[in-house]
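Enquirer: predicted model, plus sequence, below.
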Amino acid sequence: MILRPFARPRLWLGVWMFGWALCIALSLLPPIPLGGPQDSDKIGHFLAYFILSAWAVSIFRTRRAQVLAALSLVALGLAIEWGQANLTATRHGDPRDALANTLGIALGLALAFTPLARLLERLDRKLFG
């Protein structure tokens, strides 16, 4: 099995897929004015992709699946930046956003080498085990 041994594997995979959908929607809809210093949106990019990558590390059992998930997230980030530049009138593509996304993905993937990689598995056992 590609997923970790969860009692509710579809739940955790569904949460990850919802995260993808939310990321896509928030990236292509008109931006929400948040204020803050210039380029502070890079923090949001970093955090969103870090969470998606860390979640993938938490739900997928094998390194191969985790790396493929990370690469798919890099592709998603690049595709969204292309889409913002070419398909929307309210957004613009920014290579620095793609860099922030990729850094978040890399840090999330690095969690595979820590005990945090099994945190969701322990939570699943506690809630449903």
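Expert: Everything's here; your move.
Enquirer: show the contacting residues for the residue nearest the centre of the chain.
Expert: In the chain, the centroid-proximal residue (C-alpha atoms, centre = their mean) is L52; its distance is 2.1 Å. Applying C-beta atoms under 8 Å, 6 or more residues apart in numbering to L52 gives the contacts 16, 19-20, 23, 73, 105, 108. The C-beta positions use only the backbone N, C-alpha and C, and glycine is treated the same way.
Enquirer: packing partners for the longest helix anywhere in the chain?
Expert: Ranked by residue count under DSSP state H, the longest helix found in the chain is helix 63-87. Helices and strands touching helix 63-87, by 3 or more C-beta pairs under 8 Å, 6 or more residues apart in numbering; DSSP states H and E, are helix 9-28, helix 41-59, helix 95-110.
Enquirer: in the protein, where is pLDDT below threshold?
Expert: For the chain, no stretch has pLDDT under 70.
Enquirer: from G108, how far out is L120?
Expert: 13 Å (C-beta to C-beta, to the nearest Å).
Enquirer: between those two, who's got more neighbours?
Expert: Neighbours were counted for L120 and for G108 using other C-beta atoms under 10 Å; G108 has more, 25 against 18.
Enquirer: where's the residue lying closest to the more buried one once chain neighbours are set aside relative to P33, distance?
Expert: Closest residue in space to G108, ignoring its immediate chain neighbours: S53 at 2.6 Å, by C-beta to C-beta, 6 or more residues apart in numbering. Computed with C-beta to C-beta, the distance linking S53 and P33 is 27 Å.
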